[in-house]
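S.K.: My questions are about this predicted structure, shown below with the sequence.
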Amino acid sequence: MTSKYNPQEIEIKWQARWAEDHLYEVRDDDPRPKFYALTMFPYTSGDLHVGHWYALAPIDAYARYMRMKGYNVLHPIGFDAFGLPAENVAIKQGIHPFIWTMNNIDTMRRQLKKMGNVYDWSREIITCLPEYYKWTQWLFLQLYHAGLAYRALAPANWCPHCQTVLANEQVMSDGTCERCQTPVTRRLLEQWFLRIARYAEELLNFDSLDWPERVKIMQHNWIGRSEGVEIAFPLAGGEEPISIFTTRPDTIYGVTFLVLAPEHPLVSQVTTNSHRQAVNAYIEAAARQSDIQRLSTEREKTGVFTGSYVINPLNGKQVPIFVADYVLLSYGTGAVMGVPAHDSRDFDFAKKYDIPIPVVIAPPGWQGEELAAAHVESGIMVNSGQFNGLSSEEGLKAITDLMEVQGYGKRTVTYRLRDWLISRQRYWGAPIPIVYCPQCGTVPVPESQLPVLLPEDAEFRPTGESPLKYNAAFLNTICPRCHSPAQRETDTMDTFICSSWYFLRYVSPHYNAGPFDPEKLRLWLPVDLYTGGVEHATMHLLYARFFTKALRDLGLVNFDEPFLRLVNNGTILADHQKMSKSRGNVINPDEYVSRLGADAMRAYLMFMAPWEQGGDWSAQGINGIARWLKRVWDLVHSERERGHKSVPNDSTLMELRRLIHKTTKKVAKDLEAFHLNVMLASLMEYTNFLAKMEKSYAIPEPLWQEAVEKLLLLLAPTAPHLAEELWQRMGHPYSIHNHPFPSWNEAMVTEEEFTLIIQVNGKLRDKVVVPVTITKEEVQALVSGRPRIQPYLKNGRVDRLFYIPGRLVNIVN
RNA sequence: GCCGAAGUGGCGGAAAGGCAGACGCGCUACGUUCAGGGCGUAGUGGGCUUACGCCCGUGGGGGUUCAAAUCCCCCCUUCGGCACCA
């Protein structure tokens, strides 16, 4: 038996053994309570880098911990395998996306296995395989039949580089593509949408979720709920009124103009002939603007008069109608009332076009002077007829009530969230199972004909055009309804659809009567713990919540939320920068694994920083962990000679016993809270203490055995290979990973004695070890007698004394 | 502009309102028949002091408290989200 720690040797050995024994195979008929721990599955980029390890190792430790705690744990892994990079490789290098993806999966699977995670590989899923995407298509059809999927002509975000449209969530706030940072342009196209906006209100409810506050806030902001009033302004001399949306009906007496978005359908109707040329020119100019230009808040407001007027329904005044591109068609009604005195955008606009700026909400101390800037806060209403003197809050309610009674106003709620655009003009995705028939129109592919397979012989053109469009065998088909010649939809689905339900597939990965076995779904779902990067806050996480709710309404699932607890891991950096191939600063984990071991890698990634924060990779830092693991190894192999060691007294032994329990509790609590760096620090302290004890004392064998056993059990989730090896070497039966996690005795966690901190006026002056049972009176007597303290006491007296039991005493005089 | 998070040694970072700097990296000294990215012991916030010790110190400034890294107010910086959303 060698006594030198050789991580590579033992890691390979145990990985093989665990696989052979199916140690981590998950059984559905296990009677223990279930726990579903999930991490966001990786995209098949081809290389498992240190960022993957960072995301995957800690939740594996958590899953292992829950196994040891007696749960039947499902902690599966799979691959998010559709997506544009595969297609770009096809265009540039002529490698078929399927080949490239599957090769990458082989590599990644091999690399993943080196981590020693508890994955049950029989449950692996790959989203680009027909056995998976058949059900992606099937789910699309269910949504379609339920009216939750529809096709519409709409201006869409177009990425010229990716050659496809994007969902709003996939356009960054600077107007660039989420994947390639290319500025996004707009294109009017027939597109497929999912009605996520219908779920806006329910998606705002996070009551049952243990999620980071920041993710909830991001989703909340993204959904953008806004309560207001829709008001109909009758056209002067016209028939149809113009509807606007406002959150400030209390300012309606200050309306001096009305603005339509350039794309608003009524623009042409309200434009008078004498203004038509100018309006058309303006609309064309607006259309040419890129999103980035148009979204800039810095830009000067522009607009053009249409020649028509509307009547303010409250005071009967005529106000001019403008077209201006600071109003967006996609929000509210695409039209706003202009209240320059109380809205900064309207103020800018009115200044530019010399429109009056009447004050109707008086700022504090207002004397009737002109405003230098819009007063957007609340105030007392003036120049507002019968409503004068009310506060703007009261006025808002009173005016709204009046308008509702008189029938031209209606309370409404508006959301920023738009329907999810899921069409992608790309090959490497799940084809949308729709056929267009000259006779029947849009016809869903019957379920019996699923999957609609991607053609293998696709041609990848350097122009980036979708190969499906030019693949006659794919494109041309027969209408499922009337059997006349028809054409297939050539767009594929956003890959975020694949990831909106993958967590359901793991429960029955090869089930072929549906996307999932309903019984197994009931057993395992929802996911108890989900981890991944925060970058998916308003994409994947929002989509998956929507999917869950939609499937619930279809009767397919019986829960409201997919992920009960969410923990975000931070990003691992190199020299304060994101790792990327283009920067050339990617840390390759394989090198460290072969030199220091997967266990060291796992432990270091957990130790280097708070997991939720992320931080810089340090090639130096990992050595500290490797040293520690070696010390653990040496501790187990220590000779245990009794020779020249002293016999420990009872209190020394008690100290060790207490530390065992304290450390056990701390490790359990810290791991549960993902305070992994602190958890490992306490394990190191424990190791250091044991080493010191062992060196100086002849510790009774049973106690020593217990101390070391506990160390291995506490270490097992973090360093599974080392723990298994040492467990075996100590003579314990295989496997440590089936052994219960140690419990602790609360009475042993509390000390009998503690170091009382003695402060005078809040400053540390002395310390003394006292029993925990000491009373305040005893403390007072004790401290006044301390020679270090006496000089600080006036006439040897203590005026006031604060005693915090078990901690400190503060003397104030 | 709005919303949110965060600022602690040379570095990563610890601290239920109660000893600031746990644990680790790095560094220093000493020891070690240590060839192979060693190992052990001690030290390591700043200043003053021969010493016992004392003073200062958690981005800056106020405040609450017996006691503040922690709570409150103002400001600065960094990061993230949203941004003409009516």
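M.R.: Sure thing, it's come through. Quantities reported herein were computed from a predicted structural model and do not represent experimental measurements.

S.K.: rest of the way, CA atoms for contacts and neighbours
M.R.: Noted.

S.K.: So, low pLDDT: which residues of chain A?
M.R.: For chain A, applying pLDDT under 70 flags the ranges A:1-2, A:290-298, A:639-644.

S.K.: rerun that using 50 as the cut-off
M.R.: A:1 (pLDDT under 50).

S.K.: helix or strand for A:Val165, which one?
M.R.: strand A:164-166 (DSSP states H and E).

S.K.: Over to the residue lying closest to A:Pro358 once chain neighbours are set aside: give its phi and psi.
M.R.: Distance criterion Cα to Cα, 6 or more residues apart in numbering; nearest residue to A:Pro358, sequence neighbours excluded, is A:Gly254 at 5.7 Å. The phi/psi pair for A:Gly254 (degrees, to the nearest 10) reads phi -100, psi 10.

S.K.: Also the one 5 residues further on?
M.R.: Summarising the backbone geometry of A:Val259 under the convention degrees, to the nearest 10, its torsions are phi -120, psi 130.

S.K.: circling back: was I right to think the residue nearest to A:Pro358 contacts A:Ala341?
M.R.: Yes: with contact defined as Cα atoms under 8 Å, A:Gly254 reaches A:Ala341; the gap is 7.1 Å.

S.K.: before we move on, the earlier item: what's the neighbour count on the residue nearest to A:Pro358?
M.R.: 25 (other Cα atoms under 10 Å).

S.K.: Kindly provide the distance from it to RNA strand B.
M.R.: The gap separating A:Gly254 from RNA strand B is 12 Å, by Cα to the nearest atom of the strand, to the nearest Å.

S.K.: Name all residues that make contact with that residue.
M.R.: A:339-341, A:357-360 (Cα atoms under 8 Å, 6 or more residues apart in numbering).

S.K.: Over to A:Glu672?
M.R.: Counted by Cα under 8 Å, 6+ apart, A:Glu672 has contacts A:Tyr62.

S.K.: Next up, phi/psi of it, please.
M.R.: phi -60, psi -30.

S.K.: now A:Gly614
M.R.: Given degrees, to the nearest 10, the pair of backbone angles that A:Gly614 has is phi 80, psi -180.

S.K.: Then A:Met108?
M.R.: The phi/psi pair for A:Met108 (degrees, to the nearest 10) is phi -70, psi -40.

S.K.: Tell me how many other residues crowd it.
M.R.: With other Cα under 10 Å as criterion, A:Met108 counts 21.

S.K.: same thing with A:Gly762?
M.R.: With other Cα under 10 Å as criterion, A:Gly762 counts 11.

S.K.: Nearest residue to it in space, ignoring adjacent ones along the chain?
M.R.: Using Cα to Cα, 6+ apart, the closest residue to A:Gly762 is A:Asn810 (6.1 Å).

S.K.: about what we covered before: what do A:Gly254 and A:Ala341 both touch?
M.R.: A:357-360.

S.K.: for A:Ile283, what are its contacts?
M.R.: Contacts of A:Ile283 (Cα under 8 Å, 6+ apart): A:262-263.

S.K.: For it, identify the helix or strand it belongs to.
M.R.: helix A:273-288.

S.K.: related to what we said a few turns ago, closest one of the contacts of A:Gly254 to A:Arg765?
M.R.: A:Ala341 (63.4 Å; Cα to Cα).

S.K.: Assign that closest one to helix, strand or coil.
M.R.: Classification of A:Ala341 by DSSP: H, G, I helix; E, B strand; the rest coil places it in helix.

S.K.: contacting residues for it?
M.R.: A:254, A:347, A:357-360, A:371, A:373-376.

S.K.: Secondary structure class of the closest residue to it other than its chain neighbours, three-state.
M.R.: Spatial nearest neighbour of A:Ala341, excluding adjacent residues (Cα to Cα, 6+ apart): A:Ala374 at 4.8 Å. Secondary structure of A:Ala374, reduced to three states by three-state DSSP: coil.

S.K.: Does the strand holding A:Val165 reach RNA strand B?
M.R.: No: Strand A:164-166 is not in contact with RNA strand B by Cα under 7 Å from any atom of the strand; minimum separation 13.6 Å.

S.K.: follow-up on the earlier one: dump the contacts of A:Ala341 to a markdown table, plus distance to A:Ile622.
M.R.: Putting the contacts of A:Ala341 into a markdown table (distance: Cα to Cα, whole Å) gives the following:
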| residue | distance to A:Ile622 |
| --- | --- |
| A:Gly254 | 66 |
| A:Phe347 | 59 |
| A:Ile357 | 66 |
| A:Pro358 | 68 |
| A:Val359 | 66 |
| A:Val360 | 66 |
| A:Leu371 | 63 |
| A:Ala373 | 58 |
| A:Ala374 | 57 |
| A:His375 | 57 |
| A:Val376 | 55 |
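
S.K.: Closest to RNA strand B out of these?
M.R.: A:Phe347 (9.9 Å; Cα to the nearest atom of the strand).

S.K.: who's in contact with the residue lying closest to that closest one once chain neighbours are set aside?
M.R.: Take A:Phe347 and drop its neighbours on the chain: the residue closest to it by Cα to Cα, 6+ apart is A:Pro340, 3.9 Å away. For A:Pro340, the contact set (Cα under 8 Å, 6+ apart) comprises A:254-256, A:346-350, A:356-358, A:374.

S.K.: rerun at 6 Å
M.R.: Taking Cα atoms under 6 Å, 6 or more residues apart in numbering, we find A:Pro340 in contact with A:346-347, A:357.

S.K.: looking at the residues you listed, which has the most residues close by?
M.R.: In terms of neighbours by other Cα under 10 Å, these top out with A:Asp346 at 26 neighbours.

S.K.: ok, residues contacting the helix or strand that it is a member of?
M.R.: Applying DSSP H and E as the criterion places A:Asp346 in helix A:344-352. When contacts are defined by Cα under 6 Å, 6+ apart, helix A:344-352 is touched by residues A:301, A:338-340, A:374.
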